[in-house]
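K.L.:
Pasted the sequence and its predicted model underneath.
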Amino acid sequence: MRRNASELAKMRRAGLVVAEMHERTREAARPGVTTRELDAVAREVLERRGATSNFLGYHGFPAVICTSPNDMIVHGIPGSYRLEEGDILSVDCGAVVEGYHGDAAFTMAVGEVTAGARQLIEVTERSLWAGIDQLVKGNRLHEVGRAVQAVAEAAGYSVVREYVGHAIGTAMHEQPQVPNYWPGSPGPTLKTGMVFAVEPMVNMGGPETRLLDDGWSVVTADGSLSAHFEHTIAVTDDGPEVLTVP
Ligand code: MG
Ligand code: MG
């Protein structure tokens, strides 16, 4: 699906709401704070900016953000978990403005973390930007995954296979998917107006995942740390335009 200029303007506005959710939750995430409190911070941003949540009620999801600490990869439900010094925390946020969606995630250190944890966060963010650099018209979509995978694996990490990025627009999850690895074929040719959420999930250990009994929380099968970064990006005539940055 290709979006026209007025659609992209709405997606930009949704992206700016997501960027503010990031800023506020990052400021609030300190040792002793619960993940439920971070959800409340994000809700305040949505309400104040007149946006709605694409996470709340999605297949019954009960919150406006996902909070995934330490070995949790994605889809953690905000609740009574109290952040501790030394945790890493992944926060995934989404917003809808006039029917158009934004979706972005980051992983942060809570207080002082180990050098290994800090490196995982840095490499995962770098892998996202390597993927974004591939979103150029005429290029093939799966070059994104190839670039992400190269950065993650060069550092000795692995990329998750079971969960992937996606096209985004009037729904949060549209086709095609955007794998974070080379899937064996180049995929569709990129055209101006296409919009994707690129979202590497990088594990310090193996790529295998496990779903917890709550039906949402995805953790690493080997208990290793995991990080997650995501932006919503439009393919434009002038190259990739990241919609979820201020
Ligand atoms: Mg997301
Ligand atoms: Mg996403």
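P.N.:
Yes, it's here. Ligands and ions are numbered 1, 2, ... in the order given.

K.L.:
dump the residue contacts of the closest residue to residue 84 other than its chain neighbours.
P.N.:
Among residues not flanking residue 84 along the chain, residue 31 sits closest, at 5.7 Å (CB to CB, 6 or more residues apart in numbering). For glycine as for every other residue, the C-beta is placed from the backbone atoms N, C-alpha and C. Contacts for residue 31 (CB atoms under 8 Å, 6 or more residues apart in numbering) come out as 83, 84, 85, 87, 110, 111.

K.L.:
same thing with residue 12?
P.N.:
Listed by CB under 8 Å, 6+ apart, the contact partners of residue 12 are residue 243.

K.L.:
Over to residue 101?
P.N.:
Listed by CB under 8 Å, 6+ apart, the contact partners of residue 101 are 11, 14, 54, 94, 95, 168, 169, 170, 171, 172, 232.

K.L.:
Look up the closest residue to the second one, ignoring the ones flanking it.
P.N.:
Right, the one you point to is residue 14. residue 102 (3.6 Å).

K.L.:
how about the residues of this structure near ligand 2?
P.N.:
When proximity is defined as CB under 5 Å from the ion, the chain approaches ligand 2 at 103, 197, 199.

K.L.:
Among the residues you listed, which ones are in strands?
P.N.:
Members of these lying in strands (criterion: DSSP state E): 103, 197.

K.L.:
and the residues of the chain next to ligand 2, which are buried?
P.N.:
Buried subset of those (neighbour count, 16 or more other CB atoms under 10 Å): 103, 197, 199.

K.L.:
could you dump the residues you listed to CSV with distance to residue 151 and pLDDT?
P.N.:
CSV is the format used below for these (distance: CB to CB, whole Å; pLDDT from 0 to 100):
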residue, distance to residue 151, pLDDT
103, 21, 98
197, 18, 98
199, 14, 98
